[in-house]
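fold the stuff below for me.
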Amino acid sequence: MPADPAGTQLDEQDAYRSALAGALDRFLTSHGAVMSRVSPDVAPLMEAISGLVTGGKRLRALLCYWGWRGAGGEPKGAAVVQAGVALELFQAAALIHDDIIDRSDIRRGGPSVHRRFGQLHRDQEWALDEERFGQAAAILTGDLCLSFSEEAFTGIGSRAAFGTAARRIFNTMRAEVMAGQYLDILEEVAGPGRPRTEAVRAAANVIRFKSAKYSTEHPLAIGGALAGADEGLLRAYSAFSLPLGEAFQLRDDVLGVFGDPQTTGKPAGDDLREGKRTVLVAYAFERATAEGASLLERSLGRQDLEDDDVERLRDVISTSGALEATEQLIDRLSTQSFEALGDLKVPEDVKAALRTLGLAAVQRAA
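Predicted structure coming up:
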């Protein structure tokens, strides 16, 4: 009986996941030993990093892998495993810093890193302010993650050296995330004073540079570039992955307001308390009644929102048509992405793997 292509593809993906997990463990064990020589007190930083890179969806690393395979890279190639390590560490840094900026208490169902350090401060009954210590320690942990990510990517060798396409994409990815994050916090404070007709455009720009490019477009391209993909293939990768990344973030924004806390691992309506001016919220401002828009404006960013307050804001967003408009945009971007995937000149098993990852990204509940 011939082998099942889907089963073979999943076996290969599982083998890559396993190789990546082993490489991450070795990297952090080695660096943990170095850090312990500085002081045993540094151990919580390494424990926090290890906790974030253990498990997770591995979306970025998997896209990097299939980008590599689509460009002719060998299964479980050392370079793409090392690239996965770099991407997972960069993702961990972004999560740590993002939770501080957004004042998020929870990450993946447990305390966010700055809250973990705050708890450490309380448990040890240390002096001065626990919140300031927690945030400062988490910033340093995120910075350490960034340093490790750069080291891991450099460790790939000549394929990722200065002047290569892979290095250019990796550098661009990191810079764009920082710019996108700034645009996000800028919109929270400047958005209320800007015309509401500009809100959707501004929110879409944040999505593109804070999330979509580094979640999907750049990881896929890094894998392809490491395997020697030409500019034509990289452009075709982008045609598939950029709209996918935007749909992925829009789905995340919907879950941030309407998601089930038991599934998402975050409190209901957490994005509303954080004051996120997402495309979903921008549509609501455009389409809600004057009363509804006024309620949304007064409530957005209030940390003391109760569940009943969140429910009223959900009702404003739903009845305005904003939720439906966002779902329609997710559908349009998904269609655009999968049509581009159909035109992609890569082996069928790679195409099937990318389709599976793409569907999981836009149809998820967490």
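
strands of the chain, start to end?
Ranges of strands in the chain, per DSSP state E, are 106-107, 110-111.

next, count neighbours for residue 352.
Burial of residue 352 is recorded as 16 neighbouring residues (other CB atoms under 10 Å). Heads up, the C-betas are built off the backbone N, CA and C, glycines and all.

once you drop chain neighbours, what's closest to it?
Nearest residue to residue 352 in three dimensions, chain neighbours excluded: residue 9, at 5.8 Å (CB to CB, 6 or more residues apart in numbering).

same deal with residue 319?
Distance criterion CB to CB, 6+ apart; nearest residue to residue 319, sequence neighbours excluded, is residue 292 at 7.4 Å.

and that neighbour, what is it in contact with?
Contact analysis of residue 292 by CB atoms under 8 Å, 6 or more residues apart in numbering lists 284, 316, 319, 320.

count residues in the vicinity of the last one, would you?
Residues lying near residue 320 (other CB under 10 Å) number 20.

that one and residue 281, how far apart?
With distances taken as CB to CB, to the nearest Å, residue 320 is found 10 Å from residue 281.

thinking again about what came up before, would you agree the residue nearest to residue 352 is in contact with residue 355?
No: here residue 9 does not reach residue 355: they are 10.4 Å apart, not a contact under CB atoms under 8 Å.

neighbour count winner among those two?
Using other CB under 10 Å, the more surrounded residue of residue 9 and residue 355 is residue 9, with 20 against 15.

and that one, how far from residue 69?
10 Å.

any common contacting residues for those two?
349, 353.

next, the buried residues of the helix or strand bottoming out on mean pLDDT in the chain.
Here the helix or strand of the chain ranked lowest by mean pLDDT, DSSP states H and E is helix 261-264, holding a mean of 81. The neighbour-count check on helix 261-264 (16 or more other CB atoms under 10 Å) flags residue 264 as buried.

and that helix, what does it pack against?
In terms of contacts (3 or more CB pairs under 8 Å, 6 or more residues apart in numbering; DSSP states H and E), helix 261-264 is not packed against any helix or strand.

then stretch 158-176 to PDB, C-alphas only?
Output in PDB follows, covering the C-alpha atoms of stretch 158-176 (Å, rounded to 0.1, in the frame of the first residue of the first chain):
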ATOM      1  CA  SER A 158      27.300  31.700   6.100                       C
ATOM      2  CA  ARG A 159      23.600  31.300   5.000                       C
ATOM      3  CA  ALA A 160      22.700  34.000   7.500                       C
ATOM      4  CA  ALA A 161      25.800  36.200   7.200                       C
ATOM      5  CA  PHE A 162      25.800  39.900   6.500                       C
ATOM      6  CA  GLY A 163      24.600  40.700   3.000                       C
ATOM      7  CA  THR A 164      22.500  37.500   2.600                       C
ATOM      8  CA  ALA A 165      18.800  37.700   1.900                       C
ATOM      9  CA  ALA A 166      18.100  35.700   5.100                       C
ATOM     10  CA  ARG A 167      19.900  38.200   7.200                       C
ATOM     11  CA  ARG A 168      18.200  41.200   5.500                       C
ATOM     12  CA  ILE A 169      14.800  39.700   6.100                       C
ATOM     13  CA  PHE A 170      15.600  38.800   9.700                       C
ATOM     14  CA  ASN A 171      16.800  42.300  10.400                       C
ATOM     15  CA  THR A 172      13.800  43.900   8.700                       C
ATOM     16  CA  MET A 173      11.500  41.700  10.700                       C
ATOM     17  CA  ARG A 174      12.900  42.800  14.100                       C
ATOM     18  CA  ALA A 175      12.900  46.500  13.200                       C
ATOM     19  CA  GLU A 176       9.300  46.400  11.800                       C
END
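
read off the pLDDT value for the residue nearest to residue 295 when sequence neighbours are not counted.
Closest residue to residue 295 apart from its sequence neighbours, by CB to CB, 6+ apart: residue 316 at 6.0 Å. Predicted confidence (pLDDT) for residue 316: 97.

likewise for residue 192?
Looking at residue 192, its pLDDT reads 88.

my guess is it contacts residue 298. True?
No: here residue 192 lies out of contact with residue 298, judged by CB under 8 Å, at a distance of 10.3 Å.

when the two are compared, which one has more neighbours?
When residue 192 and residue 298 are compared on other CB under 10 Å, the one with more neighbours turns out to be residue 192, at 15 against 9.

OK, contacts around that one?
Neighbour list for residue 192: residue 297 [criterion: CB under 8 Å, 6+ apart].

and with 10 Å instead?
By CB atoms under 10 Å, 6 or more residues apart in numbering, the contact list for residue 192 reads 199, 275, 277, 285, 297, 300, 301.

likewise for residue 35?
28, 41, 42, 43, 45, 46, 144 are the contacts of residue 35 under CB under 10 Å, 6+ apart.

and those, which of them are buried?
Neighbour-count burial (16+ other CB under 10 Å) is assigned, among the contacts of residue 35, to 28, 42, 45, 46, 144.

could the residues you listed go into CSV alongside distance to residue 332?
As requested, the buried ones among the contacts of residue 35 are arranged in CSV below (distance: CB to CB, whole Å):
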residue, distance to residue 332
28, 41
42, 48
45, 43
46, 43
144, 40
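
who's in contact with residue 154?
So residue 154 contacts 82, 86, 160, 161, 162, 167, 170 (CB under 10 Å, 6+ apart).

what is the burial count for the fourth one?
Put plainly, it is residue 161. So residue 161, with other CB under 10 Å, has 11 neighbours.

again with the last one
Look at residue 170: counted by other CB under 10 Å, it has 27 neighbours.

residue 225 is in contact with that one, correct?
Yes: the pair residue 170 / residue 225 is scored as a contact, 8.8 Å apart, by CB atoms under 10 Å.

shared neighbours, these two?
Counting by CB under 10 Å, 6+ apart, the common neighbours of residue 170 and residue 225 are 83, 160, 164, 218.
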